[in-house]
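> I'd like to go over a predicted model; first the sequence, then the structure.
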Amino acid sequence: MSDSSFPVSLIFPPQGHFTQPYLALPCLQAYLKQNGFEDVQLIDASVESYDHFLSEKYVHWAAKRAAEILPIEGFETRPSLGFDDLEAFRAAAESSVAAEAVAERIEAAKSVIRGQDFYDPDKYLPAVRTLYHALRVVSAAHFPSRLTPHNFQMAYATDRSSEILEATLDREQNPYLAYFEQELLPRLVQRAPRVLGLSVIYGSQLIPALTLARMVKRALPDCHITAGGGFLAYIGKKLMQAQTDAGSDQMRSAFADCIDSIIFHEGEQPLLELSRALKAGQALDSIGSLAWFDRSRTGSPAVFNDSGHPIRLDTAPAPDFGGLPLAKYFSPELCIPYDINRGCYYGECTFCTLPTVIGPGYRTRQADTIAEHVVQLRDQMGTRNFNFITDCMPPGMIGDLPRELIEREADVRWWADARVEPGAYDPKGVELLYQSGCRKLLFGFETATPRLLKMMKKGQSHRTTIEVAENCTKAGISVTFYAMVGFPSETREEARDSLNFIIQHRDVVREVSLQTFHLDEVAQTYKEPEAFGLEILEDEKADLQLYHDFRSESGMTRSEAAEMFEEMMSAFRKHLTLFSGDHIYYFMQKSHYFLHLARDEHPDDFQARCQKRNLLRSERGARGDLVTVKGLEQRALPYSYTEVTRRLASPLARAVSPDFLTGRSVESVRDKAEADLGGLTANACILAYAPEQAEFLEISADGASVLNAIEQAGSLAPLLESVEDQPEAARRLEQFAARMHGLGALTPSSTAHAPAPMEMAAKL
Amino acid sequence: MSKEEKRDSSKAKDPATNPKQPAEWNSLADKLRKGELDLRVEEVEERISPSETNVFDK
């Protein structure tokens, strides 16, 4: 039975990553349609808002706005910068020198990333840097909020309901308020959905989601707004129970002005039942896994229904991506997520929170169903790239799925998370995986210390992990390791052992996703703190707290673990080709490295290309025909920009405004940061921005004069000629010119007048 | 810089006789000869925060 008179809108609110669609909404759409609700609209407000912010018009606006609220001139008369000034100075400095140049190039940069120039590192990497710099300008316009490709943070704490509610109304700092009002709300008002579903998987989505919800609640009071997703599976109960002062000594549900209900765990069946109930005008109290505000009672208290049953995954339809803005993702080809199972067949790791996100139990689709869906999606979506969403493929599936994909001639390329199963990832097994299109697998290595692996209940040894990685590498499958630093009781020496172990095996470990241990209240580490030697530091004011600060009885402190993170990342950047220099952007843009592998480029060949590029860049020397690059921006600053960025990157600075991954537990952190990182004295410098390479560089006033002299002379040659009788002077000048050439501030005259790669991309 | 490249470049060393050498270069060149020219270059390397490395979980 179809029902087109009951419009449902499902929204993925900002902020998620922008390279590929997320899976939740397509799964919900497919299930609703299969059960008679045909009028479903999907909106990826995250990628749409990135596309909006990363437009020439918006970046121009942001540049102007940043200059108004953070004028660089305001820093010129200050005798020193305190810790609290550093972030503002950095934002002002970057905007003052680069904002206009970035605005002019942002559309071309997007064209590079979405087109075939993506596959040329010399075009791709400056384009990605341009995106990052544009987001810094956008952030500066809403200072101190920060939007990056990976995160959205405001000054408001996301573990306090009162601050979240304030953030949803902060017109100056919340960039999504104006965006939703102008771009999204009119569409929703026109459509007037009866149900609006918000998928909140990450903490970074919470404020934007509630900002939108609040706005829609006012504009469409008859629309039922429900929210679900992994992050709300964690904090949904607290969110529903949060109270605010309603006046006259009365309290009421704090978020009742934003939403009507929350769905826990997987959303298919509860959303279907909710839609049915609302359509029929029935009560909501029998809908499993739903919590809702009872508006018939004073203060709209929350009602928590019993848990519902999860769906039978093996009969669930293939996800339906229809309606998503596929052309707006920041990739040249789509990589489609597809869930082969839900839950984890292993389910023992003591730090894992998966049962809370997905719900209890482990369910899988059959291998032949998966292959059938994959072929169907390949043809529908016009892409053969897949990201299989699974926390770990069970051993049987490791053999069955490749066979089914090969039998059906799916001819797809895919990547997935995996658990170390030596029996399954043997040489024959991985060969079959490669033949079926597997090009990258990510394993939870975590640590090389057996004692810690035992505490984590990983059920694996670092030796077997490497064996599996070696087998994959021999078959041509790229291997990524998840590694953890700061697990309770881990010592510096143990962390260094893990680091050395990975570096020693860098021929088989291409990427490392390194994370600091964090304590969330649904993991075993929180539930049994004494077993892990933890003292949990409660924060009474944080009524939505999920991540907890802690002290460990032994091993590294949290701040020492944060320092160790820096040490390990710095070693990875030195030793792993994919992490070297700006090649790390391939790692940081989710499927972007995989898209190269999906063209059957061998991981060794891709690494060799990166190494060659590093070499060519380092070998760019001083040539007589070097000229100043077109559009080089320069700005005199009262303080050293690089010193400011160095201080801001320190673990201590990160601990002042922590998210769950950066950690805290530093006594009197703000005072300590002021003492250690504040008091920066004036030190004039020139910040330059080479727009075609999208590089910031800092030089002295003398350096800027030399660049100016080169520009006036028409090339470097006359200046070199004038000092050729002084070898030491000539050497110094050549050295400077070579660095400037390497960073893109100087360029050979033969290329100076040719259209720049990004300009070409824009014309095409 | 190779000898060949140098041959292709301007021969004159005196800015007064070579319009390609800007007038202010004289004083810069003097400082350069004396080792007094500050030609430091600070490259700005992207520092990766832990909140930016959980790439595959997001």
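It's in.

> could you use CA atoms for every contact and neighbour count after this?
Noted.

> distance of A:Glu104 from chain B?
Taking Cα to the nearest Cα, to the nearest Å as the measure, A:Glu104 falls 22 Å from chain B.

> cross-check the contact I'm expecting between that residue and A:Glu56.
Yes. In this structure, A:Glu104 is within contact of A:Glu56 by Cα atoms under 8 Å, at 6.2 Å.

> which strand or helix spans A:Leu687?
Assignment of secondary structure by DSSP states H and E places A:Leu687 within strand A:685-690.

> return the list of helices and strands in contact with that strand.
Here strand A:685-690 touches helix A:83-114, strand A:633-637, strand A:695-699, helix A:701-713, going by 3 or more Cα pairs under 8 Å, 6 or more residues apart in numbering or on different chains; DSSP states H and E.

> would CSV of the ones you listed with mean pLDDT and mean neighbour count be doable?
Below are these laid out as CSV (pLDDT from 0 to 100; neighbours: other Cα atoms under 10 Å in any protein chain shown):
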stretch, mean pLDDT, mean neighbour count
helix A:83-114, 96, 24
strand A:633-637, 95, 20
strand A:695-699, 94, 23
helix A:701-713, 94, 20
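
> how far off centre is stretch A:613-624?
Mean C-alpha position of stretch A:613-624 versus that of the full chain (Cα atoms, centre = their mean, to the nearest Å) differs by 32 Å.

> now the end-to-end length of it.
Stretch A:613-624 has an end-to-end distance of 23 Å (criterion: Cα to Cα, to the nearest Å).

> pull out the buried positions in it.
Neighbour-count burial for stretch A:613-624 flags A:Asn614, A:Arg617, A:Arg620, A:Gly621, A:Ala622, A:Arg623, A:Gly624 (criterion: 16 or more other Cα atoms under 10 Å in any protein chain shown).

> who's in contact with residue 25?
With no chain named, the answer covers chain A. A:Leu10, A:Ile11, A:Phe12, A:Leu42, A:Ser199, A:Phe321 (Cα atoms under 8 Å, 6 or more residues apart in numbering or on different chains).

> um, chain B though
A:Val706, A:Ala709, A:Leu719.

> now swap in A:Arg413 and tell me
By Cα under 8 Å, 6+ apart, the neighbours of A:Arg413 are A:Arg384, A:Asn385, A:Phe386, A:Ser436, A:Gly437, A:Cys438, A:Arg439, A:Ala598.

> now do A:Thr353
A:Thr353 is in contact with A:Val522, A:Ala523, counting by Cα under 8 Å, 6+ apart.

> mind checking how far it is from A:Val508?
Between A:Thr353 and A:Val508 the distance is 29 Å, computed by Cα to Cα.

> circling back to that earlier point, now neighbour count, distance to A:Ala30 and secondary structure too, for the contacts of A:Arg413, in CSV please.
Shown next, in CSV, are the contacts of A:Arg413 (neighbours: other Cα atoms under 10 Å in any protein chain shown; distance: Cα to Cα, whole Å; DSSP: H, G, I helix; E, B strand; the rest coil):
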residue, neighbour count, distance to A:Ala30, secondary structure
A:Arg384, 21, 20, coil
A:Asn385, 26, 20, strand
A:Phe386, 25, 18, strand
A:Ser436, 22, 26, coil
A:Gly437, 24, 26, coil
A:Cys438, 28, 26, strand
A:Arg439, 29, 28, strand
A:Ala598, 23, 27, coil
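
> looking at those, which is nearest chain B?
Taking Cα to the nearest Cα as the measure, chain B lies nearest A:Phe386 of these, at 13.8 Å.

> that closest one and A:Gln20, how far apart?
Distance of A:Phe386 to A:Gln20, computed by Cα to Cα: 10 Å.

> which neighbours do these two share?
Shared contacts of A:Phe386 and A:Gln20 (Cα under 8 Å, 6+ apart): A:Cys335, A:Ile336.

> next, whatever residue of the stretch 51-200 of chain A ends up closest to chain B: secondary structure please.
Going by Cα to the nearest Cα, chain B is nearest to A:His150 of the stretch 51-200 of chain A, at 5.7 Å. Classification of A:His150 using DSSP: H, G, I helix; E, B strand; the rest coil returns coil.

> now do the contacts for it.
By Cα under 8 Å, 6+ apart, the residues touching A:His150 are A:Gln15, A:Gly16, A:His17, B:Ser51, B:Glu52, B:Val55, B:Lys58.

> repeat that for A:Gly230.
Residues near A:Gly230 by Cα under 8 Å, 6+ apart: A:Val200, A:Ile201, A:Tyr202, A:His265, A:Thr356, A:Val357, A:Ile358.

> can I get the residues you listed in CSV with distance to A:Leu274, secondary structure and pLDDT?
Shown next, in CSV, are these (distance: Cα to Cα, whole Å; DSSP: H, G, I helix; E, B strand; the rest coil; pLDDT from 0 to 100):
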residue, distance to A:Leu274, secondary structure, pLDDT
A:Val200, 18, coil, 97
A:Ile201, 20, coil, 94
A:Tyr202, 23, coil, 92
A:His265, 15, coil, 90
A:Thr356, 22, helix, 75
A:Val357, 20, helix, 78
A:Ile358, 19, helix, 77
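
> and chain B, which of these contact it?
For chain B, the contacts drawn from the contacts of A:Gly230 by Cα under 8 Å from any Cα of the partner chain are A:Tyr202.

> ok, of the contacts of A:Gly230, which one's closest to chain B?
The closest of the contacts of A:Gly230 to chain B turns out to be A:Tyr202 (Cα to the nearest Cα; 7.8 Å).

> hang on, isn't the closest one packed against A:Phe231?
Yes. Counting by Cα under 8 Å, A:Tyr202 does reach A:Phe231; the two are 5.2 Å apart.

> poorly predicted segments of chain B, please.
Regions of chain B meeting the criterion pLDDT under 70 cover residues B:1-21, B:46, B:58.

> where exactly do the strands run in it?
For chain B, strands defined by DSSP state E occupy the ranges B:41-43.

> can you map out the helices along it?
Listed in chain order, the helices of chain B (DSSP state H) span B:3-8, B:25-33.

> the stretch 551-700 of chain A now?
A:558-575, A:584-588, A:592-597, A:603-619, A:641-648, A:651-656, A:669-677 (DSSP state H, counting those that start in this stretch).

> of the ones you listed, which shows the lowest average pLDDT?
In terms of average pLDDT, helix A:651-656 trails the rest of the helices of the stretch 551-700 of chain A, at a mean of 86.

> and it, C-alpha only, in CSV?
Below are the C-alpha coordinates for helix A:651-656, written out as CSV (Å, rounded to 0.1, in the frame of the first residue of the first chain):
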residue,chain,number,x,y,z
PRO,A,651,49.0,19.3,23.5
LEU,A,652,48.6,21.8,26.3
ALA,A,653,46.8,24.3,24.1
ARG,A,654,44.5,21.5,22.8
ALA,A,655,43.7,20.5,26.4
VAL,A,656,42.3,24.0,27.1
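
> what sits up against that helix?
For helix A:651-656, the surrounding residues in contact (Cα under 8 Å, 6+ apart) are A:559, A:562-563, A:566, A:647-648, A:662-666, A:669-670, A:673, A:677.

> and the two most separated of these?
Largest separation among these by Cα to Cα: A:Glu566 and A:Arg670, giving 20.3 Å.

> so for the one residue sitting closest to the centre of chain A, what's the pLDDT?
When Cα atoms, centre = their mean is applied to chain A, the residue found nearest the centroid is A:His150 (2.4 Å). On pLDDT, A:His150 comes in at 91.

> any idea how far B:Gly35 is from it?
Distance of A:His150 to B:Gly35, computed by Cα to Cα: 45 Å.

> which helices and strands sit right next to the host helix or strand of A:His373?
Using DSSP H and E, A:His373 sits within helix A:367-381. Applying 3+ Cα pairs under 8 Å, 6+ apart, we find helix A:367-381 packed against helix A:395-407.

> quick one: strands adjacent to the helix or strand just after the helix it packs on?
From helix A:395-407 onward toward the C-terminus, using DSSP H and E, the following helix or strand is strand A:413-418. Strand A:413-418 pairs in its sheet with strand A:385-389 (parallel), strand A:438-446 (parallel), by DSSP bridges.

> phi, psi of the residue lying closest to A:Val357 once chain neighbours are set aside?
The spatially closest residue to A:Val357, leaving aside those adjacent along the chain, is A:Gly230, at 4.7 Å (Cα to Cα, 6 or more residues apart in numbering or on different chains). Per-residue torsions, A:Gly230: phi -50, psi -40 (degrees, to the nearest 10).
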